[in-house]
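>>> Generate a structure from the sequence data that follows.
(2 chains)
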Protein chains: 2
Amino acid sequence: MSPFTIPTESSYIEAKGIRFAYRKFGQETGIPLVFFIHFRGTMENWDPNMIGALAESRPIILFDNTGVGETSEKTPSTIAEMAKDGATFIKALDLKQVDVLGFSIGGMVVQELALQDPDLVRCIIIAGSAPEAGVNPDPVIFERMKRHGGNVNDALDDFMFFFYRSTETSKAAGMESLQRILNQKQFESSDQVQAAQLKALAKWAQPNTDHNYDWLQNIPHPVLVTNGIEDVMVPTKNSYILAEHLPNAQLIIYPDSGHGHLFQYPELFAQHVNLFLDSK
Amino acid sequence: MSPFTIPTESSYIEAKGIRFAYRKFGQETGIPLVFFIHFRGTMENWDPNMIGALAESRPIILFDNTGVGETSEKTPSTIAEMAKDGATFIKALDLKQVDVLGFSIGGMVVQELALQDPDLVRCIIIAGSAPEAGVNPDPVIFERMKRHGGNVNDALDDFMFFFYRSTETSKAAGMESLQRILNQKQFESSDQVQAAQLKALAKWAQPNTDHNYDWLQNIPHPVLVTNGIEDVMVPTKNSYILAEHLPNAQLIIYPDSGHGHLFQYPELFAQHVNLFLDSK
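Below you'll find the predicted structure:
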């Protein structure tokens, strides 16, 4: 595949007092696939090779949720509010039904979106994420997430540690992906985004007394759950739990990879997503 | 996809005193994919739609291992001997390297084959199977396997119970697949095959004292591990163990399905296998 360049110019749409920045491209017809990015990320943080392979077969919508990147207002501090804002954005574009792909915190937001607004969503991809009250990482990891965003070298070390395994192959593929991402225009997330998202993550991670994950039965949509075999930040076990408790979930786990599996294998991941969506 | 018919005429090749029956078809060039069938199965027990979707992109070799179906001699009573005979067959065809797909007991045989003869194997697909000393099913299941093969109705009930979930969707897809399989010429497996394979399965299933699955590190090949989300016969947990301990394994788990996942989703499964093999 030839390298893909994500369009750099944003469009804007206002709804409920929020001015949402977004970029729509790819195929003109078909059900759009709307992307929900990871902790502190903006729409510039997707690997363009992964996005490009998906844009060949469907309309793609990247956006910044409330308070993030180019979108106005303050980032809310619960996953539920983030999902509500996501639905507001999708409806503002006059879309009746979309496919959604959420990575990390984005994968939590799309679960909430499907629960709140089931008819707005056709198919769901949950990458490197967890159910509410899932299995938490070592507390050291959460501390490292809190201080994430120091100087440039620390930020790079953190990113590589959180997203890739310590094998040479995983690190090399991760660095290549990071280079592709950094070649794009970058918006910095504010401290407010980081604080609000950390608060939302902490609440989402709180253990539930029964641990039966009953509420996942209320997401009857076709779901594709993915992760790397060893995700240190959002433990891979959470993907098994999602696949076991969601009524209609396919699970794909990638070798020699972690949280950043979808960027480590951008074309293969995109082909799996295309197969999943096209078989529905 | 239009329905596919597996060629009905077998070829034969003799090696080490065994007359192996096989069928080779599909693409003329490329690395052949050699299939290892489930408990009591012969080469007529593959879903033709799954095989057809794979035959479009590579050479396919189905065969009966020693003592099974049309192949001569007695079925050995260990997985290791079955793997040795499999290698004998592959080498008799003058093939230097093949891809292998093993389903259920066949998935155990291909693990042993890779350990015994690593250079003979390029990529491995392990469907509905388990590592040695894996997680065993409820003892009731093993008892039911022992008596499997009573009258026609019992055999049908057993097959549906072992291979599919009790949901209407899984049962309906399973019956459709079974009909496709039964439309093919059928060879019955002898009581000797059943007894020898049960003995091999029981030995393979014996718990190991350390349970660290270290030996799986000696299978560095690219592996695709698959199962349904709820396999009552070879618990799905075994697929997680394989993916976690094999150094280079991709894992795909299918929704609303069990042991027979590859027959329940014949085209999707074949597309996943093609993607896996073509990305190597």
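>>> need the residues of chain A near chain B, please.
A:222, A:229, A:240, A:243-244, A:246-256, A:267-268, A:271-272, A:275, A:279 (CB under 8 Å from any CB of the partner chain). C-betas here are computed from N, CA, C, even on glycine.
>>> Tell me the buried residues within those residues.
A:222, A:229, A:240, A:243-244, A:246-256, A:268, A:271-272, A:275 (16 or more other CB atoms under 10 Å in any protein chain shown).
>>> mind listing the helices for the stretch 1-150 of chain A?
Secondary structure of the stretch 1-150 of chain A (DSSP state H, counting those that start in this stretch): helices at A:48-55, A:79-92, A:105-116, A:139-147.
>>> Output the contacting helices and strands for the last one.
Meaning helix A:139-147. With contacts taken as 3 or more CB pairs under 8 Å, 6 or more residues apart in numbering or on different chains; DSSP states H and E, helix A:139-147 sits against helix A:152-163, helix A:191-205.
>>> residues in contact with that helix?
Residues outside helix A:139-147 that contact it (CB atoms under 8 Å, 6 or more residues apart in numbering or on different chains): A:39, A:136, A:158, A:161-162, A:198, A:201-202, A:232-233.
>>> same thing but 7 Å
A:158, A:198, A:232-233 (CB atoms under 7 Å, 6 or more residues apart in numbering or on different chains).
>>> Tell me the one of those residues nearest residue A:216?
residue A:233 (21.1 Å; CB to CB).
>>> For burial, what's the neighbour tally of the closest one?
Residue A:233 has 21 neighbours, counted by other CB atoms under 10 Å in any protein chain shown.
>>> so it makes contact with residue A:227?
No. Applying CB atoms under 7 Å as the test, residue A:233 and residue A:227 come out as separate, 10.4 Å apart.
>>> which helices and strands sit right next to the strand ranked longest in chain A?
Determined from DSSP state E, the single longest strand within chain A is strand A:18-26. If contacts are counted by 3 or more CB pairs under 7 Å, 6 or more residues apart in numbering or on different chains; DSSP states H and E, strand A:18-26 sits against strand A:11-15, strand A:59-63, helix A:79-92.
>>> redo that, cut-off 8 Å
strand A:11-15, helix A:48-55, strand A:59-63, helix A:79-92.
>>> where does the stretch 101-250 of chain A dip in pLDDT?
Along the stretch 101-250 of chain A, segments meeting pLDDT under 70 span A:148-152.
>>> Just the closest residue of it to chain B, please.
Evaluated by CB to the nearest CB, the stretch 101-250 of chain A has residue A:248 as its residue closest to chain B, separated by 4.9 Å.
>>> Let me know whether that residue touches residue A:216 as I believe.
No. With contact defined as CB atoms under 8 Å, residue A:248 does not count as touching residue A:216 (10.6 Å).
>>> hey, what's the residue nearest the centre of chain A bridged with?
Geometric centre of chain A, nearest residue: residue A:103, 2.0 Å, by CA atoms, centre = their mean. Note on residue A:103: beta-bridge partners residue A:127, judged by DSSP bridges.
>>> Kindly export stretch A:180-197 (C-alpha atoms) in PDB.
What follows is stretch A:180-197, C-alpha atoms only, in PDB (Å, rounded to 0.1, in the frame of the first residue of the first chain):
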ATOM      1  CA  ARG A 180       4.100   8.400  10.500                       C
ATOM      2  CA  ILE A 181       1.900  10.000  13.200                       C
ATOM      3  CA  LEU A 182       4.400  12.800  14.000                       C
ATOM      4  CA  ASN A 183       4.700  13.700  10.400                       C
ATOM      5  CA  GLN A 184       1.100  14.900  10.700                       C
ATOM      6  CA  LYS A 185       0.100  18.300  12.100                       C
ATOM      7  CA  GLN A 186      -0.100  18.000  15.900                       C
ATOM      8  CA  PHE A 187      -2.300  19.600  18.400                       C
ATOM      9  CA  GLU A 188      -1.300  19.400  22.100                       C
ATOM     10  CA  SER A 189      -3.900  18.400  24.600                       C
ATOM     11  CA  SER A 190      -4.300  20.800  27.500                       C
ATOM     12  CA  ASP A 191      -3.800  19.900  31.100                       C
ATOM     13  CA  GLN A 192      -7.600  20.200  31.500                       C
ATOM     14  CA  VAL A 193      -8.100  17.400  29.000                       C
ATOM     15  CA  GLN A 194      -5.600  15.200  30.800                       C
ATOM     16  CA  ALA A 195      -7.100  15.800  34.300                       C
ATOM     17  CA  ALA A 196     -10.700  15.300  33.100                       C
ATOM     18  CA  GLN A 197      -9.800  12.100  31.200                       C
END
